[in-house]
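S.K.: build me a model from this:
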Amino acid sequence: MSKYNQPRSLLSIRGLTERSVKLFSHFVTYKFQHVYYRTKESLGQHKRDLVVMRVEDASNSLEETKVQFLDALERFKAVVHVASGSLEDKYRLLKQQYDFCAMRSELVASKIQAIEEVSDALFKEWDAELNEYTNRSLRAQSRQQMKLSKQHYMRLIKAMHKAEKKIQPVLGAFRDQVLFLKHNLNANAIAALQHEFSEIAFDITQLIQAMEQSIAEANHFVHVLVEQKNVPALPPGVQK
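M.R.: Numbers count the residues shown, from 1 in each chain. Below is the predicted model:
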């Protein structure tokens, strides 16, 4: 029986069950994160510090991924333009480079998600604590700092997602060439790859530019957060 022929009550129960599972999953995730952040804070690592650490980590990961793709480009060039060496060796070399690039791209995606999670928690906490101020000047100063931090954060996450989205098409094109060579280990296959090399090289160049922009945004965002942390608050009673 297809889902279209099932009784309405059964579909309603199934829909309710799916929503319940999602709600329970979100609840467990929230509780886990809450305990995690409380534990970190008890050890002297606040959400702002965690954001800085994760942004720096993601920036380093992007830098390593950039280097990996540049190395893959050079290996690809060597494979298609150097006549010496067996076709099997060339395939294994390209396959190894593809696997390394795919692994690096997965790490980048996970690190971006980690930044989003802790940043969301930071801004929610920051916004809620604005209501706890009794000094209007300090509250206004803190609100302005939060607004500035959000602006830089949005630029950062936009740049990182832009770089992340460029990775998959490049990996897809790279994977196609590796598969083609795998099943066509002959001189004609190498000749065919030569025609694709310039296009893949352009795609990787565009990817590298996006990664470099993300790294620059990450460094700037970290600088903003660190500078804000070191700026002394206005003395009580002093109006802006």
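
S.K.: torsion angles phi and psi at Y133?
M.R.: Main-chain torsions, Y133, degrees, to the nearest 10: phi -70, psi 140.

S.K.: check contacts around it.
M.R.: Residues in contact with Y133 (C-beta atoms under 8 Å, 6 or more residues apart in numbering) are R139, S142. Placement of C-beta: from N, CA and C, glycine included.

S.K.: run the last query once more with 6 Å
M.R.: Going by C-beta atoms under 6 Å, 6 or more residues apart in numbering, Y133 touches R139.

S.K.: try F221
M.R.: By C-beta under 6 Å, 6+ apart, the contact list for F221 reads V55, H152, L156.

S.K.: could you list the domains of this structure?
M.R.: What automatic domain parsing lists as the domains of the chain is 8-43, 46-230.

S.K.: would you single out the least confident of the ones you listed?
M.R.: When these are ranked by mean pLDDT, domain 8-43 comes last with a mean of 55.

S.K.: one step back: okay, the domains of the chain, which one's buried deepest?
M.R.: domain 46-230 (a mean of 16; mean count of other C-beta atoms under 10 Å).

S.K.: including distance to K124 and secondary structure, could the contacts of F221 go into CSV?
M.R.: Below are the contacts of F221 laid out as CSV (distance: C-beta to C-beta, whole Å; DSSP: H, G, I helix; E, B strand; the rest coil):
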residue, distance to K124, secondary structure
V55, 18, helix
H152, 17, helix
L156, 18, helix
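
S.K.: and which of those is nearest to I200?
M.R.: L156 (28.1 Å; C-beta to C-beta).

S.K.: relative to R48, how far out is the closest one?
M.R.: 14 Å (C-beta to C-beta, to the nearest Å).

S.K.: gap between K95 and Q177?
M.R.: From K95 to Q177 the distance is 10 Å (C-beta to C-beta).

S.K.: I'd say K166 and A210 touch.
M.R.: Yes: assessed by C-beta atoms under 6 Å, K166 is found in contact with A210 at 5.0 Å.

S.K.: who does the helix or strand that S59 is a member of touch, helix- and strand-wise?
M.R.: Under the criterion DSSP states H and E, the helix or strand holding S59 is helix 47-81. Contact here means 3 or more C-beta pairs under 6 Å, 6 or more residues apart in numbering; DSSP states H and E; on that basis helix 47-81 packs against helix 87-129, helix 187-230.

S.K.: switch the cut-off to 8 Å
M.R.: helix 8-42, helix 87-129, helix 136-183, helix 187-230 (3 or more C-beta pairs under 8 Å, 6 or more residues apart in numbering; DSSP states H and E).

S.K.: I'm done for today, thanks for sticking with me.
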